[in-house]
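Colleague: Below is the structure, and that's it, no one-letter string:
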């Protein structure tokens, strides 16, 4: 009996050791990474790959070749976002907003995600009319692809006799810029911009998934602090 108990104890210890080794050798997927992306251009998108952990492409907002390129997963232009899906790309991408605020929490992969659609976006100079007195700010907005889970959706209406359109927020995204502060009165403070505290699931071009959270919409660029559209992202990849 004593020998049998000793044998069972030895086997249990061996199994525990093997299990411990297995867990130790298994790569951790829970450690969130942080990346800072320069999305300050008003005419170019920057395209990020979760697999490579870096920006892999920079292209004009209307570059048709980028739609066929499956090396990127997430596109950023100022406060607009694209996934490699729908009207933005030929990949399997998409996005889903969770109710979770902690990126390290266990979040199940959603059964479906929202793919990209067309939305008016500001493609112009940051200055009024793009430096052209005959051009209104409304003319600087063009319909381009975006992911409407990550990108704040607005309704734009032209005001007769005014170069400034009316902006109505329909749906809030990962970064919410309230442009209504430009309408009438003083706009010396610029638009009000806030970052969502939600964690998003982004499906990649190849169908894998990442957890993503925007930490900041301002950052340091060329030695200058608090530059808008320098986006800090936190992400966990892969989560499948």
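Modeller: It's in. These numbers were taken from a predicted model, which means no experiment stands behind them.
Colleague: all contacts plus neighbour counts: C-alpha atoms, from now on.
Modeller: Fine.
Colleague: The residue nearest the centre of the chain: which element?
Modeller: A centroid search over the chain (CA atoms, centre = their mean) returns residue 81, at 5.4 Å, as the residue closest to the centre. Following DSSP states H and E, the helix or strand that holds residue 81 is strand 80-83.
Colleague: what does residue 67 give?
Modeller: Under the criterion of DSSP H and E, residue 67 resides in helix 65-68.
Colleague: Show me which positions of that helix end up buried.
Modeller: 66-67 (16 or more other CA atoms under 10 Å).
Colleague: just checking, next helix/strand downstream of it?
Modeller: Moving toward the C-terminus from helix 65-68, the next helix or strand (DSSP H and E) is strand 74-77.
Colleague: which helices and strands does that next one pack with?
Modeller: Contact analysis of strand 74-77 by 3 or more CA pairs under 8 Å, 6 or more residues apart in numbering; DSSP states H and E lists strand 44-49, strand 80-83 as its packing neighbours.
Colleague: quick revisit: which elements pack onto the helix holding residue 67?
Modeller: Using 3+ CA pairs under 8 Å, 6+ apart as the contact criterion, helix 65-68 has no neighbours among helices and strands.
Colleague: Any regions of the protein where pLDDT drops low?
Modeller: In the prediction, the chain carries residues with pLDDT under 70 at positions 1-30, 124-138, 163-164, 180-191.
Colleague: re the thing from before, mind listing what the residue nearest to the centre of the chain touches?
Modeller: If a contact means CA atoms under 8 Å, 6 or more residues apart in numbering, then residue 81 has 74-75, 146-147, 150-151 as its contacts.
Colleague: are any of the residues you listed buried, and which?
Modeller: The neighbour-count test (16+ other CA under 10 Å) applied to these identifies 74-75, 146-147, 150-151 as buried.
Colleague: ok, the residues you listed vs residue 168, which is closest?
Modeller: Here the nearest of the buried ones among the contacts of residue 81 to residue 168, counting by CA to CA, is residue 151; it sits at 13.9 Å.
Colleague: number of nearby residues for the nearest residue to that closest one once chain neighbours are set aside?
Modeller: Beyond its immediate neighbours in the sequence, the residue positioned closest to residue 151 (CA to CA, 6 or more residues apart in numbering) is residue 173, lying 4.6 Å away. Counted by other CA atoms under 10 Å, the residues lying close to residue 173 total 24.
Colleague: just residue 158 next, same as before
Modeller: Using other CA under 10 Å, residue 158 has 13 other residues around it.
Colleague: Can you report how many residues lie near the nearest residue to it once chain neighbours are set aside?
Modeller: Of all residues not flanking residue 158 in the chain, residue 165 sits nearest, at 4.5 Å (CA to CA, 6+ apart). When neighbours are counted by other CA under 10 Å, residue 165 registers 21.
Colleague: Could you verify my assumption that residue 150 touches residue 195?
Modeller: No - in terms of CA atoms under 8 Å, residue 150 does not count as a neighbour of residue 195; the distance is 11.0 Å.
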